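> After the sequence you'll find the predicted model.
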Amino acid sequence: MKYIDRRDFIKISSRGAALASAGAAVPGLLTHAMAGPVPEIAVAKGNPPGAATRAAIEALGGMGRFVDRGARVVIKPNMSFAKGPEEATNTHPDVVRELAVMCREAGASSILVLDNPLQRVEMCLERSRLKEACETIPGTGVEASRRKRDFKEVSVPLGKSLKSTMVMKKVLEADVLIAAPVAKSHSATGVSLSMKGMMGLIYNRSEFHTRMDLDEAIVDLCTVLKPHLTVVDASRILSDGGPGGPGNVIRLDTVIASTDMVAADAMAVERGTWYGRRFKGSQVAHIRMAHERGLGNMKFAGRSVKEVAV
Amino acid sequence: MIRFQRVVQGCSLALFVFLLWKASYPLPGWIGVDLFLRLDPLISLGAMTAARTFIPALAWGFVVLGLTAVLGRFFCGFLCPFGVTVDLADRITARWRLRRPSGDGARRSGRRWKYWILAFTGGTALLGISSVFLFSPISIATRFFGFVLFPLANGGADAAGRLIEDASFFLGIGDFSLPEVRMPVFATNLFVAAMVVGILLGGLRVRRFWCSTLCPAGAAFALVGFRPLFRRRVSEACIRCGKCERVCPTGAIADDFVTTAHSECILCLECMDVCPVRAVEFKSSLRGAETDAGVDVTRRALLGSTAAGFFTAALVAASPGYLHGKLAPRPLRSSSLIRPPGALPEPEFQARCVRCGECMKACLTNTLQPVWLKSGLSGLWTPAVTARLAGCDQNCNVCGFVCPSGAIRPLEPGEKLFAKIGTARIIPSRCIAWEHDRQCLICDEICPYNAISSRFVEGRPVTVPVVNENRCNGCGYCEQKCPVEGESAIVVEAHGELRLAEGSYREQAERLGLVFHAETAREDTILSPGSPAEDQGGLPPGFITD
């Protein structure tokens, strides 16, 4: 993800202003150009997970909407644990593969699948099967790093408890960030979805636990790490025992895609069963906090949600 | 011209280094990486005597010993990787080497030591205490290459990689990153290095100082091969130029240039190559012992050294730190001494372990570390899980498969899972959830066995971690990942470890009601009835009322 300086800001905002005025002059121009209304949230049901992933993103307007020709893409899955896809602690390899393929089709010049695993890197890459899944896709790498030199300090101007943190350089250098978490429970934050997953892109996670309020720090982090596209893998969810498992794995055959990470996370909460019961997105502390701070919208009333089936 | 011996030595050292390098997860299936350790007769004799059992994997040491009766000390001259190391170091020290001790007497007096060491080692083994690790050449070499050279090589390779990355970036060649080469760390590394450097500095006195003066494996070879079938003969053509005597690396040639201490000869054949009149030959000979210098040790000295070893072992056994005592539970044992999964019961474990360090070199997570005196004098360099440094990976089982002596049993993954090595204990006064009301459940998050659950406890505003000891197999990931500065707030202790000399760990664990498999270890405790705090409205952590 690139950070814009003042000059860029002026350029972009003046362009935006020009577009907006053009749009105002020709009502319906913008939506018309996109051939039909684009939903804010797409929910695809079906199997295999890769096909559902594709369907969800197509429903959202296609990968071309997010990935330009030549773009450098970072995909952030869950691959923190040396466990297989059936345990639902990591993103399904089929989802990640499909994402990489779609980025490639859209003309991405490089695709990096990045995470900062909790267990031994080689074991995580192997057992999660993410490395194997992406091996044959040209220009795609699966990497996991915990070296300090691969991270760079980033300030968090809107942070309440988190003021600055070290983020993976490759994420900062990328043009597009795609969050691709598996939907799973979490023993401290209730659920671990795209917002919690952003913790996998930073160097010092432990201070979130030791020095800060975890929920607040996650929201702080998401003020600087905002994915352009969020794809929640709910093909099966780790309903309890998360984030590391073992726990009850429930098959949902669902993939949720949105440009709004808060909405995607809230939708994933509502589609699943957690600890044997149902919750609304607004019942998860960090999701509600993000909503209240304007990072996204956890409510669905009056919003365009497109359901597709594979 | 490169001599045949040097070629073989080079290949041998290369194979030794290669095998040690391959001793890591996953192991190569086509070769036993502990090959060289199994060829050392001192390891075979010492471990089997101390453990009072026949160890089939170590039988190769006897084969080598048997071949020595025919070929003499070929192992020393050709195959021993430590011998090659000594030869390489001798090249460096040559410049400062002192004048050779002249005369048969001086040469002979130095040679006696190794027999004494061999007898001493045997003496300790008689009492069931192994001391082979102090003097076994292959154990020393494995430890030195594994603990000292391997980390340096990896650290160097990683630094070089970073340098190349930076250089290429600044020179505009390209911005790329080379893979990270992990540098393992090992306790006692400086001591291991100092010991080997000390031995190699013996080269300042004579070439092959270690091999001719100290090496007890060499002594064992000498005792078997002092009159080998294949040995040095000097013909009438000898002109007494003395070149052979000067060139002999082990001082095996006497002042008359004809008499040979076959017990010292390592068959390097340098004397044959250097002879200007080709008077030196190596050939099979069944007759005559006229040129044989014999073995430089007396029966009395051997008995005396054996007794010295025996009584030294007795004193070790008589010290309170000695763990072999049958007292149960071992009251003076360090509770933080966690043995690798599959380690035999402590007495057998210590008797068998040759402290080569192969398991620690191979350890996937680097958690296995050599200990100093944590397990008593008799336990120097034995491996222990150092959980604060790293946990024991539940998918890895290499330590048991690289162990040459069976001190750690080779366990298939299905069995290894049940080899409980200890139990985690939470220290609430250090824990930030228990003590500082912080929402921290990293130990719960990381636990691969679901042994830690987060619970609401009366009077605590946040959930706190609790260990279910029947699910904890002691892997130590919780201790490693605990975010508290310094000592962890959750530590693995030896309590509850399983140490089986034989039989199935799985069956034993099931008898004890231990549950380590994912299938049955479902989370069911997080919302155990009646536990949630009132103000939470019965919600799991992280959830709030709408």
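Okay, I see it.

> C-alpha only now, for contacts and for neighbours.
Noted.

> Bridge partners for the residue positioned nearest the centre of chain A, pull those for me.
Among the residues of chain A, residue A:179 comes closest to the average C-alpha position under C-alpha atoms, centre = their mean, at 1.9 Å. Legend: beta-bridge partners of residue A:179 under DSSP bridges are residue A:76, residue A:230.

> okay, it: pLDDT?
Predicted confidence (pLDDT) at residue A:179: the value is 97.

> mind checking how far it is from chain B?
Remark: distance between residue A:179 and chain B (C-alpha to the nearest C-alpha, to the nearest Å) = 21 Å.

> pretty sure that residue contacts residue A:222?
No. Residue A:179 lies out of contact with residue A:222 (C-alpha atoms under 8 Å); the separation is 11.4 Å.

> where do the contact lists of these two overlap?
Residues touching both residue A:179 and residue A:222 (C-alpha atoms under 8 Å, 6 or more residues apart in numbering or on different chains): residue A:198.

> In contact with the residue nearest to the centre of chain A, which residues?
Going by C-alpha under 8 Å, 6+ apart, residue A:179 touches A:75-77, A:194, A:197-198, A:227, A:229-232.

> next one: phi and psi at the closest residue in space to residue A:258 that isn't next to it in sequence?
In space, not counting the residues next to it along the chain, residue A:258 is nearest to residue A:41; the distance is 4.7 Å by C-alpha to C-alpha, 6 or more residues apart in numbering or on different chains. Backbone torsions of residue A:41, given as degrees, to the nearest 10, read phi -130, psi 130.

> Need the per-residue pLDDT for residue A:41.
For residue A:41, the pLDDT comes out at 95.

> Check residue B:96 too.
Among the per-residue scores, residue B:96 holds a pLDDT of 91.

> Next: residue B:255.
In the predicted model, residue B:255 carries a pLDDT score of 88.

> residues contacting it?
Residues touching residue B:255, when contacts are defined by C-alpha under 8 Å, 6+ apart, comprise B:103-104, B:245.

> what's the answer for residue B:79, then?
B:8-9, B:12-13.

> Include neighbour count, distance to chain A and secondary structure when you put those into CSV, please.
Supplementary listing: these in CSV, determined by neighbours: other C-alpha atoms under 10 Å in any protein chain shown; distance: C-alpha to the nearest C-alpha, whole Å; DSSP: H, G, I helix; E, B strand; the rest coil:
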residue, neighbour count, distance to chain A, secondary structure
B:8, 15, 36, helix
B:9, 23, 35, helix
B:12, 18, 30, helix
B:13, 20, 29, helix
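
> Just give me the closest of these to residue A:71.
The nearest member of the contacts of residue B:79 to residue A:71, counting by C-alpha to C-alpha, is residue B:13 at 49.7 Å.

> so the closest one touches residue B:81, yeah?
Yes. The pair residue B:13 / residue B:81 is scored as a contact, 5.0 Å apart, by C-alpha under 8 Å.

> Contact residues of chain B facing chain A?
Counting by C-alpha under 8 Å from any C-alpha of the partner chain, chain B comes close to chain A at B:365, B:432, B:438-441, B:444-450, B:454, B:463, B:483-484, B:518-519, B:521-523, B:540-546.

> which ones among these are found in helices?
Among these, the members found in helices (DSSP state H) are B:444-446.

> who touches stretch B:373-389?
Counting by C-alpha under 8 Å, 6+ apart, B:129-131, B:316, B:321-323, B:333-334, B:337-340, B:350, B:353, B:355, B:357, B:359-360, B:366-372, B:391-392, B:475-477, B:479-481, B:487-488, B:491-492 sit against stretch B:373-389.

> Just to be sure, which of these are found in helices?
Among the contacts of stretch B:373-389, the subset assigned to helices under DSSP H consists of B:316, B:350, B:359-360, B:477, B:479-481.

> Read off the pLDDT value for residue 305.
Just going to use chain A. At residue A:305 the predicted local distance difference test score is 92.

> looking at chain B here, not the other one
On the pLDDT scale, residue B:305 is placed at 96.

> just the one 3 residues further on next, same as before
Reading off the per-residue confidence, residue B:308 sits at a pLDDT of 96.

> Please apply the same query to residue A:16.
You'll see residue A:16 listed with a pLDDT of 53.

> Likewise for the one 3 residues further on?
Confidence at residue A:19, expressed as pLDDT, is 51.

> Please apply the same query to residue B:295.
The pLDDT attached to residue B:295 in the predicted structure is 81.

> how many other residues sit next to residue A:108?
23 (other C-alpha atoms under 10 Å in any protein chain shown).

> where's it relative to residue A:70, distance?
5 Å (C-alpha to C-alpha, to the nearest Å).

> hang on, the earlier thing: mark which of the contacts of residue B:255 are buried, thanks.
Buried by 16 or more other C-alpha atoms under 10 Å in any protein chain shown: residue B:245, out of the contacts of residue B:255.

> residues contacting the residue of the stretch 1-150 of chain B found nearest chain A?
Proximity of the stretch 1-150 of chain B to chain A (C-alpha to the nearest C-alpha) peaks at residue B:25, 9.6 Å away. Taking C-alpha under 8 Å, 6+ apart as the contact definition, residue B:25 lies against B:362-364, B:396, B:398.

> Show me those residues that map onto strands.
Assigned to strands by DSSP state E, none of these qualify.

> so the residue nearest to residue A:258 bridges to which residues?
Counting by DSSP bridges, residue A:41 is bridged to residue A:258, residue A:305.

> list the buried ones in the helix or strand where residue B:156 lies?
For residue B:156, the element it lies in under DSSP states H and E is helix B:150-170. By neighbour count, with 16+ other C-alpha under 10 Å as the criterion, the buried positions of helix B:150-170 are B:150-152, B:154-155, B:157-158, B:161-162, B:165-166.

> and that helix, what other elements does it pack with?
Contact partners of helix B:150-170 among helices and strands, from 3 or more C-alpha pairs under 8 Å, 6 or more residues apart in numbering or on different chains; DSSP states H and E: none.

> repeat that for 10 Å
Of the remaining helices and strands, those touching helix B:150-170 by 3 or more C-alpha pairs under 10 Å, 6 or more residues apart in numbering or on different chains; DSSP states H and E are helix B:4-22.

> quick revisit: what do residue A:108 and residue A:70 both touch?
Where contact means C-alpha atoms under 10 Å, 6 or more residues apart in numbering or on different chains, the residues bridging residue A:108 and residue A:70 through contact with each are residue A:175.

> From one end of stretch B:93-107 to the other, what's the distance?
Its start and end residues considered, stretch B:93-107 measures 19 Å (C-alpha to C-alpha).

> neighbours around the residue lying closest to residue B:265 once chain neighbours are set aside, how many?
The spatially closest residue to residue B:265, leaving aside those adjacent along the chain, is residue B:252, at 5.6 Å (C-alpha to C-alpha, 6+ apart). Summarising burial for residue B:252: neighbours were counted as other C-alpha under 10 Å, giving 24.

> Pull the contacting residues for residue B:252.
Applying C-alpha under 10 Å, 6+ apart to residue B:252 gives the contacts B:104, B:107-108, B:111, B:212, B:244-245, B:259-266, B:293.

> secondary structure element for the nearest residue to residue A:298 once chain neighbours are set aside?
Beyond its immediate neighbours in the sequence, the residue positioned closest to residue A:298 (C-alpha to C-alpha, 6+ apart) is residue A:263, lying 4.7 Å away. Under DSSP H and E, the secondary-structure element containing residue A:263 is helix A:261-271.
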